[in-house]
Structures are given as C-alpha cells and as structure tokens.
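1. Sequence and computational prediction follow.
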Amino acid sequence: MKKYQLGEFEEIVILTIGVLYKNAYGVAIKKEIETRLSRNVSMGAMHSALVRLEDKGYIKSHDGEVTEERSGRPRKYFQITALGKRAMEYTKDTRNELWRAIPKVALTADS
C-alpha cells in the first residue's frame, strides 16, 4: 500500500493551490500552471485532478462570491488540507531522497 499517492499533474495542481493560497480557483490555477510551466492545461484535466485530490482528502473546496460574469454562479475555491500537506511533504521528501541517492558521476555530461 502506498502511503500517499500524488501523480505528477496532481502534485503540480496542489503546489499551485499553495502558491495561489486564498485565490486558488479553477481558472486561476490553470493560468498559474500555464504561466509558470509554459504548459497548456485543459479545463477537463484540471477538473479531473481537482476532483481526485478532493476525493483523496488532500484539498477541500468552498463556494466564493457570486459574480455576474459567471451568470450568478459562485467561484469554487480550493485549499490544502492537513492530509494534503502531509502528502506534499512525503512526496517532496521522497523525491529529495532519490536525488540524493543518485551518484554524482551519473549526472555528469560524460556518463
């Protein structure tokens, strides 16, 4: 059994939620990822990742203000839960351990 499961895109999404903090809603998350990573993100992929993260208990959502530009529908904001923070730390620590385990010679241009 895996302690925490974060796919690559899920990791990017949850990190971006952290970056945006109180301004983390779908379109803002998408734009931030596209800007920071120069990577196109479909709203479908975004939505799927947000649903998976929420189903895992790593994020939670709440409705924000109603806006006319959204035809009276509220924005849905996301925030990282305590479990999500632990999953992020676990993922970061695991990656760092793997990086430290790579022999320096394996990362030289001559290898």
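-> Thanks, I have the structure now. Computed from a predicted structure; not experimentally measured. Numbering: from 1, shown residues only.
2. from here on, contacts and neighbour counts on C-alpha atoms
-> Noted.
3. Neighbours of Ala82, how many?
-> Using other CA atoms under 10 Å, Ala82 is surrounded by 12 other residues.
4. what pLDDT does Ala109 get?
-> For Ala109, the pLDDT comes out at 74.
5. For the chain, give the helix that spans the most residues.
-> helix 82-101 (DSSP state H).
6. ok, and what's touching the lowest-mean-pLDDT helix or strand in the chain?
-> Lowest by mean pLDDT, DSSP states H and E among the helices and strands of the chain is strand 59-66, with a mean of 92. By CA atoms under 8 Å, 6 or more residues apart in numbering, the residues outside strand 59-66 that reach it are 14, 50, 53-54, 72-81, 84.
7. let's see it at 6 Å
-> The contact list for strand 59-66 (CA atoms under 6 Å, 6 or more residues apart in numbering) reads Leu53, Glu54, Gly72, Arg73, Pro74, Arg75, Lys76, Tyr77, Phe78, Gln79, Ile80, Thr81.
8. Parallel or antiparallel, which strands does it pair with?
-> Strand 59-66 sits in its sheet next to strand 74-80 (antiparallel), going by DSSP bridges.
9. Tell me which residues of the partner strand come out buried.
-> Within strand 74-80, the residues scored as buried using 16 or more other CA atoms under 10 Å are Arg75, Lys76, Tyr77, Phe78, Gln79, Ile80.
10. which one of those residues sits closest to Gln5?
-> Ile80 (14.9 Å; CA to CA).
11. ok, that closest one - contacts?
-> Neighbours of Ile80 in contact, by CA under 6 Å, 6+ apart: Ile59.
12. Run through the bridge partners of it.
-> Residues in beta-bridge contact with Ile80 (DSSP bridges): Ile59.
13. distance of it from Trp99?
-> Separation of Ile80 from Trp99 (CA to CA, to the nearest Å): 26 Å.
14. related to what we said a few turns ago, would CSV of the buried residues of strand 74-80 with pLDDT and distance to His62 be doable?
-> Below are these laid out as CSV (pLDDT from 0 to 100; distance: CA to CA, whole Å):
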residue, pLDDT, distance to His62
Arg75, 91, 8
Lys76, 95, 6
Tyr77, 97, 5
Phe78, 98, 7
Gln79, 98, 9
Ile80, 98, 12
